[in-house]
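1. sharing a sequence plus its predicted fold:
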Amino acid sequence: MYNNLLKMNKIISFGFKTFLILVSVQLANSVHAQKFEGGVMAGLCASQVAGDTYSGYNKAGIFAGGYVSLNTNDRTALRLELDYIQKGSHKNSNPDIEDYDTYDMRLGYVEMPLLLRKRYGQKIVAEGGPAMSFLIHSYEAINKAEIIGGVPFKKQNLSIIAGVSYLLNDRISVGMRTDNSLFSIRDKRVTGDIWRFWGYGQFNDVLVLNLSYKL
């Protein structure tokens, strides 16, 4: 089953990259029609890893990136982003119940979301779509001692994003989104992992609060 999941991941990755190329061509062709917009984003993350035997969005992180948006009509747009996002898991000790262990997982990704955005009324924008993630750094420790030789993290993954934004004015908006991985973040199964969609594993779940500025 694991080999089948790897093959599925590669197929989805190839399809996603091909789709990105096609969208990029469309965005380039739209320059003369002046239908495109661009901007920058920054914010904070709260994350957890489903299947690590801990619970709660206890890992804080940062989020930053930029986007190009193609307006398909007055209320709908297709947005391509390039973001840096910190994910992972964190557990503090709790001496009150004689729990003295700490845990820390820090994962940094470059992420490429492709989002369909639709405006409702004058101020509310809903968004959703897939995102391809590429792991650029990782760190895992128990009781502040780095784990060496543990189960490796996958170098790429696919996530699903859903969110909503509120337009403060013509250029600035504040948004909240969820970012949840569809495949396990590990190369192999680990103790305590869970089932999600089509296999067991550990999965990133992230809440992102962001501020966006249209250039």
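-> Great, that's in hand.
2. helices and strands around the helix or strand containing E111, which ones?
-> Counting by DSSP states H and E, the element that carries E111 is strand 103-120. Applying 3 or more CB pairs under 8 Å, 6 or more residues apart in numbering; DSSP states H and E, one finds that strand 103-120 contacts helix 2-29, strand 59-71, strand 76-91, strand 124-142, strand 156-167. C-beta: built from backbone N, CA, C; applies to glycine.
3. tell me who's in contact with the closest residue in space to K123 that isn't next to it in sequence.
-> Spatial nearest neighbour of K123, excluding adjacent residues (CB to CB, 6 or more residues apart in numbering): L167 at 4.8 Å. Contacts for L167 were tallied using CB atoms under 8 Å, 6 or more residues apart in numbering; they are 122-125, 173.
4. what's near enough to touch G192?
-> 51-53.
5. which phi and psi does T53 have?
-> phi 70, psi 0 (degrees, to the nearest 10).
6. what pLDDT is listed against it?
-> With respect to pLDDT, T53 has a value of 91.
7. do the same with Y100
-> pLDDT recorded at Y100 is 93.
8. who touches stretch 54-66?
-> Under CB under 8 Å, 6+ apart, the answer for stretch 54-66 is 38-48, 81-92, 103-106, 111, 205-208, 210.
9. check contacts around D83.
-> With CB under 8 Å, 6+ apart, D83 has these contacts: 41, 63-66, 110-113.
10. out of these, which are buried?
-> With neighbours counted using 16 or more other CB atoms under 10 Å, the contacts of D83 contain these buried positions: 41, 63, 65-66, 111-113.
11. could you list the low-pLDDT ranges of the protein?
-> For the chain, the stretches flagged by pLDDT under 70 are 1-34.
12. hang on, the earlier thing: which of the contacts of stretch 54-66 are buried?
-> 39, 41, 43, 45, 47-48, 81, 83, 85-91, 103-106, 111, 205-208, 210.
13. circling back: distance to L215 added to the contacts of D83, as JSON lines?
-> Shown next, in JSON lines, are the contacts of D83 (distance: CB to CB, whole Å):
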{"residue": "M41", "distance to L215": "11"}
{"residue": "F63", "distance to L215": "18"}
{"residue": "A64", "distance to L215": "15"}
{"residue": "G65", "distance to L215": "13"}
{"residue": "G66", "distance to L215": "9"}
{"residue": "V110", "distance to L215": "21"}
{"residue": "E111", "distance to L215": "20"}
{"residue": "M112", "distance to L215": "19"}
{"residue": "P113", "distance to L215": "18"}
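14. direction included, what does the strand holding E111 pair up with?
-> The strands beside strand 103-120 in its sheet (DSSP bridges) come out as strand 76-91 (antiparallel), strand 124-142 (antiparallel).
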